[in-house]
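Colleague: let me see the structure of the following:
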Amino acid sequence: MKATVRQRRPLLIAGVALLMALTGQGGAAGAHVPLAPDGQVSVFGADARPVAQPSDDAARGLVHRGLVADKTGPCVGGLRVTGVNPVMCTHGPDAPPSGLAVGKQVTAAPAAVAAALSVCEGDGVSGRRVEILYVHGNTDRYGQFLETFRQIGEGVDVIYNESARETGGERHVRFVTETVNGQCRPVVRNVRVADNALGDLGASVNAIRALGYNRTDRKYMMLTEANVYCGIGGFAGDTRKSDDNRSNFGPEYGRSDNGCWNAAVAAHELGHNLGAVNNNAPNASGGAHCTDEYDVMCYSDEPNHPPMRYICTDRNHENRLDCGHNDYYSTNPPAGSYLANNFNVADNLFLIRGGQAPARTIVGVGSNRCLDVSGGRTTDGAVVQLWDCLNNGAQQWRQDGNALVNPQSGKCLDIDQAATANGSKVQLWTCYGNTAQHWVIRADGSIFNPPSGRCLDASGRGTANGTPIIIWDCLGLPNQLWSVR
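Modeller: This is a model prediction of the structure:
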């Protein structure tokens, strides 16, 4: 994972009983790099320049077989995984950290007395989830390493949540889960492929896709019985701050080979799958990493080999995300900051959001007035309207999954009777998580209801106090554009 520009101590994982050396199918298959609804593509930055084809260093797992530095297409600025259709982009292979080696296998972990995920959600299979796959050929050590693999997943979850706590939030990886001895633990699939499918990323991805691991609501964490890479993962490089960001979709794949079966390596590759680190970030390396240490995602990488800066001097932060919480992961980015305006991995829909996101006002671009609950009412059916911005409880909204919640009432922005027609009234209603309460804040400033295919709209293109809020065909007009502040 880390380049040998400098040597690093082994990465330690706190909060779960890991060895220091480890430190339902269903759903539709779809495009690997889904386009935004408007057809726009923003991979590796709109102004991305082609990179030179990297050279190999097999001893460090820097193997580029099947990876091409295209000069055109969606992967410019990174590498395309050849032979995978639809298109799969990657930042390329990661070198191992100190203490791990591509050719040296890790040892199996003992059974943990109290290992378990601290947070699980729902039935363990529905919705967007990270699914752990033990991918192997004729050599099958599933029984020997099952506990190791579970603990790796649990260690990844610790990294993501402890990093969220640094900015006052809570985030957990939404794994595919099962109950083991009364405890919720990650599912680990035993996936056998042909030995020759393990030789490079594209071949292994195609092999498991052929077995049905191609769901659009999955990120696949591949723990692979091979010694080709330390780690490598798919990376979309999409900077758009929107639920439509391609990092919010699957299928996507991150692979760690058996010399690097380690929670921090798996967290690193999952970080790429979830959208880290975009090349326009303040401390971007130019190769999907960062330069401000200490940080799980930072190292001096290809193609630029930038110098590192030691901003977070506590080496324990080797096990945490985003040293300054200003490049790719913050649960509470300051207004006007990079993460307030660009994609933030802490908002990725494959993570479980804990605690409460900060409440914000939603201001109409065309009116400069706020989305307001009439009279500050808290009852079901209360009218939602435009009103002068007063920064009171009637004008506060908090994003909770797909819902927009008014904290004063605890109720949701809702379409009356779950209607889908133009002109349908928007109101306040008890939160049920249904289609009438599903909102996507899009990069263009529109607020979209996917079930109806229509946008939040100030009726009649109105700008005056008391203008009712409805849904209408998305036209991109000022009365349908909103600023979340």
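Colleague: my guess is V191 contacts H136. True?
Modeller: Yes. V191 sits in contact with H136 when judged by Cβ atoms under 8 Å, with a separation of 7.3 Å. Quick note: C-beta positions are derived from backbone N, CA and C, even for glycine.
Colleague: contacts only, for K219.
Modeller: R129, V130, E131, G250, P251, E252, Y253, G254, L270, N273, L274, F350 (Cβ atoms under 8 Å, 6 or more residues apart in numbering).
Colleague: what about 6 Å?
Modeller: V130, G250, E252, N273, F350 (Cβ atoms under 6 Å, 6 or more residues apart in numbering).
Colleague: could you do S242 as well?
Modeller: Counted by Cβ under 6 Å, 6+ apart, S242 has contacts R442, A443.
Colleague: one more time with 8 Å
Modeller: Applying Cβ under 8 Å, 6+ apart, the residues near S242 are A36, F343, V440, I441, R442, A443.
Colleague: for L100, state which of the residues you listed is nearest.
Modeller: F343 (29.5 Å; Cβ to Cβ).
Colleague: could you count how many residues lie near that closest one?
Modeller: 29 (other Cβ atoms under 10 Å).
Colleague: now do C474
Modeller: Residues lying near C474 (other Cβ under 10 Å) number 20.
Colleague: neighbour-wise, which one of the contacts of S242 leads?
Modeller: F343 (29 neighbours).
Colleague: relative to N278, how far out is S98?
Modeller: Distance, S98 to N278, using Cβ to Cβ, to the nearest Å: 27 Å.
Colleague: looking at these two, which is more packed in?
Modeller: Shown here are S98 and N278; by other Cβ under 10 Å, N278 has more neighbours (27 against 13).
Colleague: take the contacts of S242 and keep only those in strands.
Modeller: The strands, defined by DSSP state E, take in V440, I441 from the contacts of S242.
Colleague: just the contacts of S242: which has the poorest pLDDT?
Modeller: Across the contacts of S242, no position has a lower pLDDT than A36, which has 36.
Colleague: re the thing from before, let me have the contacts of S242 in a markdown table, extended by distance to L428.
Modeller: Formatted as a markdown table, those follow (distance: Cβ to Cβ, whole Å):
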| residue | distance to L428 |
| --- | --- |
| A36 | 30 |
| F343 | 30 |
| V440 | 19 |
| I441 | 18 |
| R442 | 22 |
| A443 | 26 |
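Colleague: between the contacts of S242, which is closest to A419?
Modeller: Using Cβ to Cβ, these come closest to A419 at V440, 18.0 Å.
Colleague: longest single helix anywhere in the chain?
Modeller: helix 142-165 (DSSP state H).
Colleague: residue ranges in the stretch 251-400 of the chain under the pLDDT threshold?
Modeller: In the predicted model of the stretch 251-400 of the chain, residues 355-358 satisfy pLDDT under 70.
Colleague: helix, strand or coil for L386?
Modeller: strand (DSSP: H, G, I helix; E, B strand; the rest coil).
Colleague: that one contacts T463, correct?
Modeller: Yes. Using Cβ under 8 Å, L386 makes contact with T463 at a distance of 7.1 Å.
Colleague: of these two, which one has the most company?
Modeller: L386 (25 against 15).
Colleague: distance of that one from R461?
Modeller: 11 Å.
Colleague: go on, N280?
Modeller: 34 Å.
Colleague: so between the two, which is more surrounded?
Modeller: N280 (18 against 15).
Colleague: what helix or strand is that one on?
Modeller: In this assignment (DSSP states H and E), N280 forms part of neither any helix nor any strand.
Colleague: overlap of the contact sets of L386 and T463?
Modeller: G364, S367, R369.
Colleague: in strands only, show me those.
Modeller: G364.
Colleague: which one of the shared contacts of L386 and T463 is nearest P307?
Modeller: G364 (45.7 Å).
Colleague: who's in contact with that closest one?
Modeller: Here G364 is in contact with C370, L371, L386, A458, T463, P478, N479, L481, W482 (Cβ under 8 Å, 6+ apart).
Colleague: got it, and Y229?
Modeller: If you count contacts by Cβ under 8 Å, 6+ apart, Y229 has them with G61, V63, P93, D94, V102, L201, R255, S256, D257, C260.
Colleague: which ones among those are found in helices?
Modeller: L201.
Colleague: ok, so of the contacts of Y229, who is nearest V81?
Modeller: Nearest member of the contacts of Y229 to V81, counting by Cβ to Cβ, is L201, at 5.6 Å.
Colleague: quick revisit: need the residues touching each of L386 and R461.
Modeller: Looking at what touches both L386 and R461 (by Cβ under 8 Å, 6+ apart), there is no common residue.
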